[in-house]
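Chemist: got a sequence here, can you build the structure:
(chains A and B)
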Amino acid sequence: AQKVTQAQTEISVVEKEDVTLDCVYETRDTTYYLFWYKQPPSGELVFLIRRNSFDEQNEISGRYSWNFQKSTSSFNFTITASQVVDSAVYFCALSEGGGDDKIIFGKGTRLHILP
Amino acid sequence: KAGVTQTPRYLIKTRGQQVTLSCSPISGHRSVSWYQQTPGQGLQFLFEYFSETQRNKGNFPGRFSGRQFSNSRSEMNVSTLELGDSALYLCASRSGTTGSTDTQYFGPGTRLTVL
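Modeler: Just a heads-up that it's a prediction; the model follows:
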């Protein structure tokens, strides 16, 4: 069965600090997709990144970076030099291959960036 | 390109009533998925429609139903509302090409309150 665990329910850091959000997933499929979404107070889920199971390259996009490690079934997300606007709930999610449109979400990590 | 739109944004109903929520996907997207978000259960998949057919279904009672029109717009209906149906209902669209798992883009959600 597929499962996504975000062990950190809430994190608070001071602005400009780096912060890493953890994500551990479980799946029996060899083909799967991992996602990170951001949910600001407005409620809309904003897509951040999608990674397939065959691409273990880490990715950097501005202040955001992602570390995908199949050996530990983890897909961690780091924000460098955090800003107040990064305050939101962040969700890690998993979708198994084969065109299945169902996404399994973790419970989310609420991130507070303190000025 | 316009994003996913959902109407209404807020709804207040009483127990026993029924409600219909609407979702317009991104232009060109043929797949629409619905999710329920509650503080206790998090984000849960309801169902997915592609080309007017339900392609996938989550673990929700039959009171939750949906449909999709030829223009890809989708509606979700909940009958005999219960207090526990109070939630943020999110709609997501993707291009939906069979066999692919392209990214889902979410709308702002409809916040339903059942009194």
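
Chemist: quick one: strands adjacent to the helix or strand of chain B with the lowest mean pLDDT?
Modeler: In chain B, the helix or strand scored least confidently by mean pLDDT, DSSP states H and E is strand B:53-57, which has a mean of 89. Each strand that pairs with strand B:53-57, with its direction, by DSSP bridges: strand B:42-50 (antiparallel).

Chemist: ok so, going back, next one: the helix or strand just after the least confident helix or strand of chain B to chain centre, how far?
Modeler: Remark: after strand B:53-57, the chain's next helix or strand is strand B:64-68, criterion DSSP states H and E. Here strand B:64-68 is found 8 Å from its chain centre; the criterion is Cα atoms, centre = their mean, to the nearest Å.

Chemist: strand B:64-68 - contacts with which helices or strands?
Modeler: strand B:42-50, strand B:74-78 (3 or more Cβ pairs under 8 Å, 6 or more residues apart in numbering or on different chains; DSSP states H and E). Placement of C-beta: from N, CA and C, glycine included.

Chemist: most neighbours per residue, which of those strands?
Modeler: strand B:42-50 (a mean of 22; mean count of other Cβ atoms under 10 Å in any protein chain shown).

Chemist: give me the residues contacting that strand.
Modeler: A:91, A:101-108, B:30-38, B:54-60, B:64, B:66-68, B:74, B:76, B:89-90, B:96, B:98 (Cβ atoms under 8 Å, 6 or more residues apart in numbering or on different chains).

Chemist: could you dump the helices and strands packed on strand B:64-68 into TSV and include distance to residue A:42?
Modeler: Formatted as TSV, those follow (distance: least, Cβ to Cβ, whole Å):
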stretch	distance to residue A:42
strand B:42-50	16
strand B:74-78	20
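
Chemist: lowest mean pLDDT across the ones you listed, which one is that?
Modeler: Here the lowest mean pLDDT among the helices and strands packed on strand B:64-68 goes to strand B:42-50, at a mean of 93.

Chemist: now it - C-alpha only, PDB.
Modeler: Provided in PDB are the C-alpha atoms of strand B:42-50 (Å, rounded to 0.1, in the frame of the first residue of the first chain):
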ATOM      1  CA  GLY B  42      -5.900  15.600   5.700                       C
ATOM      2  CA  LEU B  43      -6.200  15.500   1.900                       C
ATOM      3  CA  GLN B  44      -8.200  12.500   0.600                       C
ATOM      4  CA  PHE B  45      -8.900  11.600  -3.000                       C
ATOM      5  CA  LEU B  46     -12.600  11.400  -3.900                       C
ATOM      6  CA  PHE B  47     -12.700  10.600  -7.600                       C
ATOM      7  CA  GLU B  48     -11.400  11.400 -11.000                       C
ATOM      8  CA  TYR B  49     -13.100  12.000 -14.300                       C
ATOM      9  CA  PHE B  50     -11.700  11.800 -17.700                       C
END
